[in-house]
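J.: fold the following and give me the result.
(2 chains)
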Amino acid sequence: MKSKVISLALIFSFLFVIGLAGFAQPVEAEEFRVGIVYSEGGLGDLSFNDAAQAGLMRAVDELGIEYGAIEPDSPADFNPSLRRFAERGFDLVIAVGFLQAEDVVEIAPEYPHVQFAHVDEPHEDLDNVTGLIFAEHHGSFLVGALAALASETGTIGYVGGIDSPLINRFEGGYVQGARYIDEDINIESGYADSFNDPSRGREIALGQIDNDADIIYHAAGASGLGAFEAVEEEDKLAIGVDVNQNHLYPGHIIASMLKVVDVAVFNAVEDAMAGELPGGENVVFGLEDGGTGITSLTDVEEEKIALEEGEIDEDELEKIRQLKEEVTAEHADRIEEIKQMIIDGEIEIEDWSETGRQDF
Amino acid sequence: MSDLQTTKTDTGSKFINLLIELGFALFSILVALLVGTVFILLAGESPLDAYHALYIGSIGSWREFLNTLWRATPLIFTGFALALPFKAGLFNIGGEGQLLVGGFAAGFVGFYFTGLPSIIHVPLAILAAMAAGAIWGLIPGLLKAYKGAHEVITTIMLNYIAIQLTIRYGIDRFRTGGRQALPTIEESARLVRFVDMAEMPIIGQIPLIDVFALPGLRLHLNFILALISAAVLWYLLFKTTVGYEIRAVGFNSSAAEYGGISSSKTIILSMVIAGALAGLAGAGEALGTHHTFMSGMDADLGFTGIAVALLGRNHPFGIVLAGILFGGLTQGGLEMQFVGIPSEIVTIIQALVIFFVAGLQMLKWFLLKRREKGETE
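T.: Residues are numbered from 1 along each chain as shown, chains lettered A, B, ... in the order given. Coordinates of the predicted model:
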């Protein structure tokens, strides 16, 4: 026992010496500093987290901020990560995803001089926390309508991430949009119970395809990538989410529901720098300001960016063009009309995050 | 294999052996960090900054050292859960599942019973966790003892059942909000955090208790429980008949049986205790860390526990040290990300340390074998 104590002391003194040997503390920066803590699933989901990162990178380029980022491995990481940024005097701390809700509520009051922005979670009670939320049910209504218009079998599918109020909101918009076009359409719905489980997403999608679904929409982060895989295997169609995912499986993804997390993050940084981040209330992004929406149903201008960045080649761009020509272009006017009606308040959409999941 | 006899005459050589082992452990960590520099350079970052961050984030300050202990706590328990059956010749891969059912039971008792005083509520929740974990260990123990079903298969399968039962079905049955979690536990069921001790009525009077009053300190009482468990486990293994029987069965179960030891009883007992210990890991996470049972809180702690036990040479005190090392890697990894090292590289470095520590153990074993051989010739 005694020798074990000695050994412990040895290890730590050894490491301590290493630590002291010649390291200097990094110089404190004077720039505006932003810390971001991503959601579980992390970067590389080609959707939610990646969009947040894109917004932050734009802020780095255009506003010249300094930033730090942490991808949590487990829920136990949220708290120390958020606190790390706050206590080191970062000016703005951005929490991505509703899973961090309790941790933000715990930490923000301890650091009143630090601004917090929380993507996807409404906050009203804390003066230094601003919720960045989206009218996902509006954008999802549009893709639901599109799916109903484009489906040939009369059955469409939905793959959600974690069964939660936020993800129910996507589902609700989608279901109501589809029903708006076709009262009797059959909608298959399933949840992967994770944002980071592509194989489960694939299984659910395959099951829905078995039940005749020919178009599948997902709101499942990286789990949704599995749904895309299933759709490609079975030669069916899919609808992407959050960012333009049309180029991920060229010829299979007819459109994407847009949720401009990148714009929200960028705006939050910009507002915080100008001292205009409201705090104690939410900033809502909707159809009219382009905060949510749908990718173009007719042209491939947006997908050309993916071409320029080398993510797809000319042939694949051509595939996307053909798909739009054959499947979605004819519905473009109708969708545009519905969008205008939502903005004008002529169509009212239930928010399932408030009402809970409804039968359908 | 001096495992079975502990004589007082070889204290000196024991000490030298210990020094050799420590030397190897430090050497292998160094090698791992050296190899890690390659990956850090590949990512275009400075290895010096990276390792400085690892140091700062894990043991660079009093608070981070205590938080390292916080991270180590569940790993120490899951390490025990592998080590004890290992002494009896069993390979318990089920720490993950035992942790989950334990955490679920603790979380459930924590929110379901209201109006209990802390002095009853906390022990009740902890006992529930130990009982649930023990049942999860008992099943493979029974199957092994009476039907010969291989414990690796049965414990892995029970892991899956535990995941579906607790995270998928259990949480969905009771949860109220958007989080995939049980409702938050009652205040009375919370394990005391060190950070709150200075403000508590009696404990607050202890001199120097203020050293724990650091914002962001997450360490809670379960760590003390882990240390106590280590001492109890050591006593059980090396100072009692039961411990002797466990080690004898692991050494040679036929010979033990011949010597009048019931190997099936020993197998079952070791699995039950192991399950209860893993259940304690879950209880600490649910009652101390998260204040609820939530999806993702297992964080592969059960599997990392296997590496912790192997590194700790299946000795209770070795496991405490190994758990602290692994806890430091997790806690320091966050700081590495903070200075800009991509999370993938951080994970690689953590894996390298495990790889080299385990790999060099093999090398040492090989060298010792050769030396022994040389001596006998």
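J.: tell me which element residue 332 is part of?
T.: Assuming you mean chain A. Assigned by DSSP states H and E, residue A:332 falls within helix A:332-343.
J.: chain B was what I was after
T.: Using DSSP H and E, residue B:332 maps to helix B:316-338.
J.: contacting residues around residue 347?
T.: You didn't pick a chain, so chain A it is. A:141, A:180, A:338, A:341 (C-beta atoms under 8 Å, 6 or more residues apart in numbering or on different chains). For glycine as for every other residue, the C-beta is placed from the backbone atoms N, C-alpha and C.
J.: look at chain B instead
T.: By C-beta under 8 Å, 6+ apart, the residues touching residue B:347 are A:73, B:333.
J.: run a quick neighbour tally on the closest residue to residue B:36 other than its chain neighbours.
T.: Using C-beta to C-beta, 6 or more residues apart in numbering or on different chains and skipping the chain neighbours, the partner closest in space to residue B:36 is residue B:349 (4.3 Å). By other C-beta atoms under 10 Å in any protein chain shown, the residues close to residue B:349 number 25.
J.: and residue A:231, by the same measure?
T.: Using other C-beta under 10 Å, residue A:231 is surrounded by 27 other residues.
J.: what distance do you get for it to residue A:295?
T.: Separation of residue A:231 from residue A:295 (C-beta to C-beta, to the nearest Å) stands at 17 Å.
J.: again, but for residue B:373
T.: If you measure residue B:373 against residue A:295 using C-beta to C-beta, the figure is 71 Å.
J.: between the two, which has more neighbouring residues?
T.: residue A:295 (23 against 9).
J.: which helix in chain B has the most residues?
T.: helix B:343-376 (DSSP state H).
J.: let's test this: mean pLDDT of that helix, rounded?
T.: Helix B:343-376 comes out with an average pLDDT of 78.
J.: likewise for stretch A:352-360?
T.: For stretch A:352-360, the per-residue pLDDT averages 83.
J.: what comes up buried for it?
T.: A:352, A:353, A:357 (16 or more other C-beta atoms under 10 Å in any protein chain shown).
J.: now that the first one has come up, it's in contact with residue A:219, right?
T.: When you say that, I think you mean residue A:352. No. Taking contacts as C-beta atoms under 8 Å, residue A:352 lies outside contact range of residue A:219: 11.7 Å.
J.: shared neighbours, these two?
T.: Counting by C-beta under 8 Å, 6+ apart, the contacts common to residue A:352 and residue A:219 are residue A:171.
J.: show me the helices in chain B, by range?
T.: Using DSSP H, the helices found in chain B span residues B:11-42, B:47-58, B:62-87, B:95-112, B:118-142, B:151-162, B:171-174, B:222-239, B:241-251, B:253-258, B:263-284, B:301-311, B:316-338, B:343-376.
J.: do the stretch 1-150 of chain A as well
T.: With DSSP state H, counting those that start in this stretch applied, the stretch 1-150 of chain A shows helices at A:2-20, A:48-63, A:78-87, A:101-107, A:136-150, listed in chain order.
J.: counting neighbours, what do you get for residue B:48?
T.: So residue B:48, with other C-beta under 10 Å, has 14 neighbours.
J.: again with the one 3 residues further on
T.: For residue B:51, the neighbour count with other C-beta under 10 Å is 22.
J.: next: residue A:310.
T.: 7.
J.: so for it, what's the pLDDT?
T.: Predicted confidence (pLDDT) for residue A:310: 83.
J.: check contacts around it.
T.: Residue A:310 neighbours (C-beta under 8 Å, 6+ apart): none.
J.: distance of it from chain B?
T.: Residue A:310 sits at a distance of 20 Å from chain B (criterion: C-beta to the nearest C-beta, to the nearest Å).
J.: tell me the SS of that residue?
T.: Using DSSP: H, G, I helix; E, B strand; the rest coil, the structure places residue A:310 in coil.
J.: state the pLDDT value of the closest residue to residue B:266 other than its chain neighbours.
T.: Spatial nearest neighbour of residue B:266, chain neighbours left out: residue B:249 (4.6 Å); criterion: C-beta to C-beta, 6+ apart. Predicted confidence (pLDDT) for residue B:249: 92.
J.: and residue A:28, by the same measure?
T.: 51.
J.: repeat that for residue A:46.
T.: The per-residue pLDDT of residue A:46 was computed as 75.
J.: tell me the contacts of it?
T.: Neighbours of residue A:46 in contact, by C-beta under 8 Å, 6+ apart: A:222, A:225, A:243, A:245, A:248.
J.: kindly recompute the last result at 7 Å.
T.: Residues near residue A:46 by C-beta atoms under 7 Å, 6 or more residues apart in numbering or on different chains: A:225, A:245, A:248.
J.: any idea which of the helices of chain B is most buried?
T.: helix B:95-112 (a mean of 30; mean count of other C-beta atoms under 10 Å in any protein chain shown).
J.: sorry, back to before: at contact distance from chain A, anything in the helix holding residue B:332?
T.: Yes. Using C-beta under 7 Å from any C-beta of the partner chain, helix B:316-338 comes into contact with chain A via B:317, B:321, B:334, B:337, B:338.
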